[in-house]
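Enquirer: task: produce atomic coordinates for the following.
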Amino acid sequence: MPAKRPHEGVQEEPARSRKKQKTIDARVIRFQSGPSSGTGVVNSMGGLPGAIDIEKFTEARSFEIKAMQSSMQTARSSSTQRAWQALPRSLRRRAASHDVRRVPVRLRGKARAEMDPAKRKALGRKLPKRGNSKQINRTLSFLKRQRDKTWLETHLWHAKRMHMKNVWGYRLSETPTEKSYRPSHRSSIHSSILHDASYISTISVSGKQILLERMLIRCSDCQGAGPGAVRYTLGSRVHETHLYQPGSYPFGLIAPAVIMWKPLSVAAPHEGVPDGKGISDKDSQPKSKRRRRGKGKEKEDATEPVTKPGPGTLRTLWIRVHPSAWQEVWDAVQMSASIVLDECRQEYGAHGNKDDNNEGRDSINEILSAEESIDLMDLRSQINCFELMGPRSSQIIRGAMTLVNGDDRPLFHEFWSQLKELQSPGSVPRGMIISFKVHDPRLNFPPKNAKPGAIPTGAGKPSATLPTPFTVFPNAVLARGELWDEVERSGGARRPSFQKKDLDERRRQNLIPGTVLQPLRQDDRVPVMLIQRTAASSHSYSSSSKNRANTHIENMHGWTILLPSHWSMPFFTSLIYTGTRVGGLRERRTQLFEANSPDFPFDYPLTVAYAKEAELSEKVERERWEKKPPAKRVEWESVGTRSPWRADWEVVLDMSPPQVQRTEEGLLDVQREPAGDISRPTGDDSLDTKKAMWLLRGSDTPDIIEAATNAQHPAVTLLDRINALRAKRALKPLQGCVTQLLKGTLVSVKLEICGRGNPDDLAAIYEVGHDEGCELRQMLARKKGGDIEGDADDELSKLVAGDSTIIGYVTTGLLKSKIGKERCVGLLQWRFWEHRNQVDRRDRGTKAVLLYGSIQN
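Expert: Numbering: from 1, shown residues only. As a prediction, this is how the structure comes out:
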């Protein structure tokens, strides 16, 4: 029977081989074979004429010429790489293949030749333009698009390369469009990564120092050193703390904050130390730690002294907070300032009417008066911020910035010379502030990263393995800068004096191409402030050495760069030119997760900002769930999930029963109404039994939990520790039911997964009974020893919690790239620690049965 198809029974050549052969044939130049000479040796020089006739030669070689032209045409048409494919991934655009002008100049001709004639004609056709009266200004059109949100100064650069998101009143970059999860992590560990954090809000507070200290004491965290400590009031380093509603600690948590004191430039004699001696930041440490021997003593004595400020000195401080909590922080600071001013007027009224001859007059009334004031100012539109993380961040800053001549601070020049030798910014004291002025970075574009110098050895061969020790300590002399001056921020350094086209014209007039521009008198000098930034857990710097073990390995270090407004893009282009990767909100959150540092507001439940974020996330997830057909979505009722889209912390803490309602789809709705002030007590020192929900955070958290769990009466011990912290800040002790304080406590923990998988956000954490815990512990021991055949995780998943209750939720669940294992951050109620302590007394304990937990702050 004949074949139905002509090629049936014949094995066809693969398409890849056919395409490869077609490409080879297109690139081969045909040639005309001549007559054979019959010998193996050909004399190519023999018989050459003395002159060549062009016409006869062209006619004789017409076959070769036509073959070469035909081969060039076929090779061009069958090219396997187009102009767009020759570009790096960062320059490719999905919809830019219709516009040749988006291609670099060197490939613009090839891209134009690859276009179809019809598309080329359509591209060249000019569209009708608006009339002069109807033209819209580019700036006005951008401002029109910012009616309901605010753009950062680097928005246009990010919008072309990032996924953008409307959040916290800004249009921020969420993550790069290219695959960059692992490269971003590697850059933060081995190189550098930049994040534009200009959305961080800044509040300026001015007044007498004693009033500012009282104001901060009422609304700041009671753990650790207070905001009025000498190490912070000198202005040489920042103070990282948490802000609360005035006088309501530990309730009413608002947000984490960074407080910066403006260093004094010139202090009056009556405002300094009585004996006239200067004091530096090292003098605020204990004397046993300040003793030095040998050459270090002369170097320490050579440090420029700084006058200690007195209580009546007019001071200024900045409070930097997250934009989602700016309004709450502003109201809390304003309320705290009003309370302090009222107390000041009452004290002055009680002691101000004494006779002038009375020798017992209070010294505070000699400083304060009845007309004292505290000024608040919003600096959100005046200060820009970059966060540069990674070990190479110091060299990038050193290469991108050029100092202004005339800085007569020897201590700063010592710091600047040691900056490029740093192996990591972690060598710099935490929170150290350095202020200086630099030239316009566009004058020195393109920049070159500073390279650490080689350390010579005795044999004469350089060795770059030994790091140079960092010998500069925090000092108020280094922190003095013109960025603190309001006139300087809003005056000369407000906007760049020259546009990029003006600098390009100056660069074009240089005799030698590529020469950097020399700064002129009319060029800008920009004030800059560097702040050492460390992403780490709070208890890494607590007093317990047990809590500090193995935490420095997970910390991430970098710099925070503060600039005046309108100067983000000039510095941004110079900082990223040398290969620094740019990250968005996802990359920043991943960095904090890798360093075991909580991310606000996602890891701060019981706050107003977290409630707003949870409500928005619940709305998005619910709409996504409702769009799926019933057969393609998870039925939360059948799997027993109580709250699928939002963590019900009130139910977890047994403050209220779950509200069960039947929705239209038949799903049990157990969500509660959004509670904005669920963590705020009713009075200054009262303990409301219905609203006593609070989050335990701070540097002393591990010590507080350890003392309370080991005590015979944990509730009484916890209340005593909290009242001791309040007494340290001159706050009234809490009064009320001690059991409610213990019952409403949430503690942040790190969770390690025993098997495979990674819990996502809002994953429920269940309490396991004693019998179930022993069975799980034996199962894990057999799995570790290899006694379980088959898939051990399947056997572990068959063990259900039974009648156990939910004791917490996961707030952040990600893969920890540094160790290649799954980790997550969650919050548990105090009942878990109490139950674990009881089990430890009865037998060896089951704390590693359900999870491997450790306290996180």
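
Enquirer: quick check, central residue of this protein?
Expert: Arg588 (3.5 Å; C-alpha atoms, centre = their mean).

Enquirer: for that residue, give me the pLDDT.
Expert: What the model reports for Arg588 is a pLDDT of 95.

Enquirer: repeat that for Ala197.
Expert: On the pLDDT scale, Ala197 gets 95.

Enquirer: which other helices and strands does the helix or strand the residue nearest to the centre of the chain falls within contact?
Expert: Applying DSSP states H and E as the criterion places Arg588 in helix 585-594. Other helices and strands packing on helix 585-594, by 3 or more C-beta pairs under 8 Å, 6 or more residues apart in numbering; DSSP states H and E, are strand 170-176, helix 181-190, strand 193-196, strand 806-816. In short, each C-beta sits where N, CA and C put it, glycine included.

Enquirer: just want the angle from it to strand 806-816.
Expert: Interaxial angle of helix 585-594 relative to strand 806-816 (axes from the mean of the first three to the mean of the last three C-alpha atoms, to 10 degrees): 110 degrees.

Enquirer: contact partners of helix 585-594?
Expert: The contact list for helix 585-594 (C-beta atoms under 8 Å, 6 or more residues apart in numbering) reads 165, 167, 172-175, 180-181, 184-185, 188, 193, 195, 197, 387, 389, 535, 554, 556, 583, 598-599, 602, 812, 814, 816-818, 823, 825.

Enquirer: output it as CSV, nothing but the C-alphas.
Expert: Only the C-alpha atoms of helix 585-594 are listed here, as CSV (Å, rounded to 0.1, in the frame of the first residue of the first chain):
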residue,chain,number,x,y,z
LEU,A,585,10.6,47.6,49.9
ARG,A,586,10.9,43.8,49.5
GLU,A,587,14.7,43.9,49.5
ARG,A,588,14.7,46.1,52.6
ARG,A,589,12.3,43.8,54.4
THR,A,590,14.4,40.8,53.5
GLN,A,591,17.5,42.5,54.9
LEU,A,592,15.8,43.1,58.2
PHE,A,593,14.6,39.5,58.3
GLU,A,594,18.1,38.1,57.6
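
Enquirer: after it comes which helix or strand?
Expert: Following helix 585-594 toward the C-terminus (DSSP H and E): helix 608-627.

Enquirer: show me which residues of that following helix are buried.
Expert: Val608, Ala609, Tyr610, Ala611, Lys612, Glu613, Ala614, Glu618 (16 or more other C-beta atoms under 10 Å).

Enquirer: if I look at the last one, how far off is Trp330?
Expert: Applying C-beta to C-beta, to the nearest Å, the value for Glu618 to Trp330 is 27 Å.

Enquirer: ok, now the third one?
Expert: Distance, Tyr610 to Trp330, by C-beta to C-beta: 18 Å.

Enquirer: shouldn't Val100 be in contact with Ala111?
Expert: Yes. Using C-beta atoms under 8 Å, Val100 is in contact with Ala111, at 4.9 Å.

Enquirer: restrict the contacts of helix 585-594 to the buried ones and give me that as a PyMOL selection.
Expert: A single PyMOL command selects the buried members of the contacts of helix 585-594 (16+ other C-beta under 10 Å):
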select buried, resi 165+167+172+173+175+180+184+185+188+193+195+197+387+389+535+554+556+583+598+599+602+812+814+816+817+818+823+825
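
Enquirer: mind listing what the residue lying closest to Arg622 once chain neighbours are set aside touches?
Expert: Using C-beta to C-beta, 6 or more residues apart in numbering and skipping residues adjacent in sequence, the residue nearest Arg622 is Trp645, 5.4 Å away. The contact partners of Trp645, by C-beta under 8 Å, 6+ apart, come to Ser617, Glu618, Glu621, Arg622, Trp625, Gln671, Leu762.

Enquirer: ok, those vs Arg777, which is closest?
Expert: Leu762 (26.8 Å; C-beta to C-beta).

Enquirer: and stretch 28-48, what's its mean pLDDT?
Expert: 62.

Enquirer: er, stretch 153-166 actually
Expert: Mean predicted lDDT for stretch 153-166 stands at 94.

Enquirer: next, the buried residues of it.
Expert: Glu153, Thr154, His155, Trp157, His158, Met162, Met164, Lys165.

Enquirer: name the surrounding residues that touch that stretch.
Expert: Contacts for stretch 153-166 (C-beta under 8 Å, 6+ apart): 90, 148-149, 152, 171-178, 196, 198, 384, 565-566, 568-569, 572, 582, 584-585.

Enquirer: what stretches of the stretch 551-700 of the chain score poorly on pLDDT?
Expert: The stretch 551-700 of the chain contains residues with pLDDT under 70 at 551-553, 658-691.

Enquirer: show me where it has helices.
Expert: 568-576, 585-594, 608-627, 636-639, 649-652 (DSSP state H, counting those that start in this stretch).

Enquirer: make TSV out of these and add distance to Arg726.
Expert: Shown next, in TSV, are the helices of the stretch 551-700 of the chain (distance: least, C-beta to C-beta, whole Å):
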stretch	distance to Arg726
helix 568-576	42
helix 585-594	29
helix 608-627	22
helix 636-639	42
helix 649-652	24
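
Enquirer: name the nearest residue to Pro227, sequence neighbours excluded.
Expert: Leu216 (3.9 Å).
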